[in-house]
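Chemist: Return atomic coordinates for the entry below.
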Amino acid sequence: MAVDEASLVAALAGASPAITLRGRPRRLAGYANEIWFCDSDAGPVVAKVRLIPEEDPEQLATYVHTMDLLRRQGFPTPELLVFEESCAALDGRQFSVLRHADGAEASALLGRIPAAARVELLREFGRIIGRLHAIELPAGTVWRDDTGQAHPGWPEVFRAALDEVLAELTWLDGDERRLVDAATVRIEREAPALLAPVAAARLVHRDLHPGNFLVAEGRTTVLLDFEMVREWDAAYDFIKINSSLLGGPAEEVAAFHAGYREQVAPDDGFAARVRLYEGLYGLLSAAEFRSGNPRHRNWANSLRRWLAAEQDRL
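Modeler: Purely as a prediction, here's the structure:
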């Protein structure tokens, strides 16, 4: 149900700190959140009302402390001013307010700027993601799976994710069953040796697509939308990076990786783990499609290509 303007104004006034509007708010497009742009006594802000409930309360805590950590690190992302897990003025829905960041979405820029400018923009994107992955988390950071369950290490988190997705695919048969089984065998064979060396968690954004990069004058880049952030292996982010950012010419891909390496040095097993996670993502895509998400309709062909590429590496 859409949020009415009066309820939003009440939520802002009742927030801590309270925020007073200057003029009327403007509703923007959103998927998981209803988004409002507001001019206020705190300056331009963006208010978000959650439309899809977050089922894992640990994820909410991770998001809030991540935003505080990024603020203290001076990381380029809008400051989180208000966060309420359950806002009374909004019928108990999750409510947050962030400072507004000026700039154009990279998704609107990449197709209309010269090739040389795209190369430099991808290099800058590499730098900002490398900077994110270089942030050291406090000692004792708990490894948690996607449901918030704690585990002793990253291999166990990965295993929990694999078990969860396989449980959703038990009813497949025929060629689809054989495809999923072949991918599962490959993943289970490679995972123990590849994941055991991962000792330190890093911040993993998990939604790195061009629409979440804002670019202002002078190529200043701001990274948005940390709602899905996890404390996992940094290589996991490259599932989305490879599919959404690095599908262009080789020069752009090389520039991204060069910018990334300016900030952080990937370990020897990094690339192999990215390939492993892409296999897991293929299974996740199958589960998403079977649950009714048409965006994953090509999961079978994608998984076949992954298996063929892995076979070629033997």
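Chemist: Quick one: the helices in the stretch 151-300 of the chain, in order.
Modeler: 154-167, 174-195, 238-244, 250-263, 270-290, 299-312 (DSSP state H, counting those that start in this stretch).
Chemist: wait, isn't T62 in contact with E227?
Modeler: No. Using CB atoms under 8 Å, T62 makes no contact with E227, being 9.8 Å away. To be clear about C-beta, it is placed using only N, CA and C from the backbone, and glycine gets the same treatment.
Chemist: right, and E176 touches W299 too?
Modeler: No. Between E176 and W299 there is no contact under CB under 8 Å: 9.2 Å.
Chemist: joint contacts of the two?
Modeler: A286 (CB atoms under 8 Å, 6 or more residues apart in numbering).
Chemist: between the two, which one's more packed in?
Modeler: Neighbours per residue, other CB atoms under 10 Å: of E176 and W299, the larger number sits with W299, 23 against 16.
Chemist: who touches that one in this structure?
Modeler: W299 makes contact with G282, S285, A286, E288, F289, according to CB under 8 Å, 6+ apart.
Chemist: okay, now the closest residue to it other than its chain neighbours: neighbour count?
Modeler: Spatial nearest neighbour of W299, chain neighbours left out: S285 (3.8 Å); criterion: CB to CB, 6 or more residues apart in numbering. The local packing of S285 (other CB under 10 Å) involves 20 other residues.
Chemist: repeat for R177
Modeler: R177 has 13 neighbouring residues, counting by other CB under 10 Å.
Chemist: Any figure for the gap between it and A300?
Modeler: Per CB to CB, to the nearest Å, R177 is found 11 Å from A300.
Chemist: Can you tell me the closest non-neighbouring residue to E156?
Modeler: Closest to E156 by CB to CB, 6+ apart is W143, at 7.1 Å.
Chemist: From E188, how far off is the one you found?
Modeler: Between W143 and E188 the computed distance is 19 Å (CB to CB).
Chemist: Between those two, which has more neighbouring residues?
Modeler: Taking other CB under 10 Å, W143 and E188 do not tie; W143 has more neighbours (21 against 12).
Chemist: In this structure that one contacts W154, no?
Modeler: Yes. If you go by CB under 8 Å, W143 and W154 touch, sitting 5.7 Å apart.
Chemist: Find residues that contact each of the two.
Modeler: Common neighbours of W143 and W154 (CB under 8 Å, 6+ apart) are A201, W232.
Chemist: for stretch 181-198, the distance to its chain's centre please.
Modeler: Put simply, stretch 181-198 sits 23 Å off its chain's centre (CA atoms, centre = their mean, to the nearest Å).
Chemist: Next up, the contacts around A200.
Modeler: E136, L137.
Chemist: tell me the pLDDT at it?
Modeler: If you check A200, the pLDDT there is 93.
Chemist: The stretch 101-250 of the chain: strands as residue ranges?
Modeler: 104-105, 143-144, 150-151, 202-204, 213-215, 221-223, 230-232 (DSSP state E, counting those that start in this stretch).
Chemist: For the second one, name the packing helices and strands.
Modeler: Translated: strand 143-144. strand 150-151, helix 154-167, strand 230-232 (3 or more CB pairs under 8 Å, 6 or more residues apart in numbering; DSSP states H and E).
Chemist: And for the fifth one?
Modeler: Applying 3+ CB pairs under 8 Å, 6+ apart, one finds that strand 213-215 contacts strand 104-105, helix 106-109, helix 115-134, strand 221-223.
Chemist: can you put those in JSON lines and add mean neighbour count, mean pLDDT and distance to G43?
Modeler: As requested, these are exported to JSON lines (neighbours: other CB atoms under 10 Å; pLDDT from 0 to 100; distance: least, CB to CB, whole Å):
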{"stretch": "strand 104-105", "mean neighbour count": "14", "mean pLDDT": "89", "distance to G43": "20"}
{"stretch": "helix 106-109", "mean neighbour count": "16", "mean pLDDT": "88", "distance to G43": "24"}
{"stretch": "helix 115-134", "mean neighbour count": "19", "mean pLDDT": "96", "distance to G43": "23"}
{"stretch": "strand 221-223", "mean neighbour count": "19", "mean pLDDT": "93", "distance to G43": "15"}
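Chemist: wait, which of those is closest to Y277?
Modeler: helix 115-134 (14.2 Å; CB to CB).
Chemist: before we move on, back to that, please identify the deepest-packed of the helices and strands packed on strand 143-144.
Modeler: Of all the helices and strands packed on strand 143-144, strand 230-232 has the most neighbours on average by mean count of other CB atoms under 10 Å, namely a mean of 22.
Chemist: what pLDDT, on average, does that strand get?
Modeler: Taken as a whole, strand 230-232 has an average pLDDT of 97.
Chemist: list the helices and strands it packs on?
Modeler: helix 57-73, strand 143-144, strand 202-204.
Chemist: Note down every partner strand of the second one and its orientation.
Modeler: Here strand 143-144 has these sheet partners by DSSP bridges: strand 150-151 (antiparallel).
Chemist: re the thing from before, can you tell me how far the residue nearest to W299 sits from L276?
Modeler: Going from S285 to L276 by CB to CB gives 15 Å.
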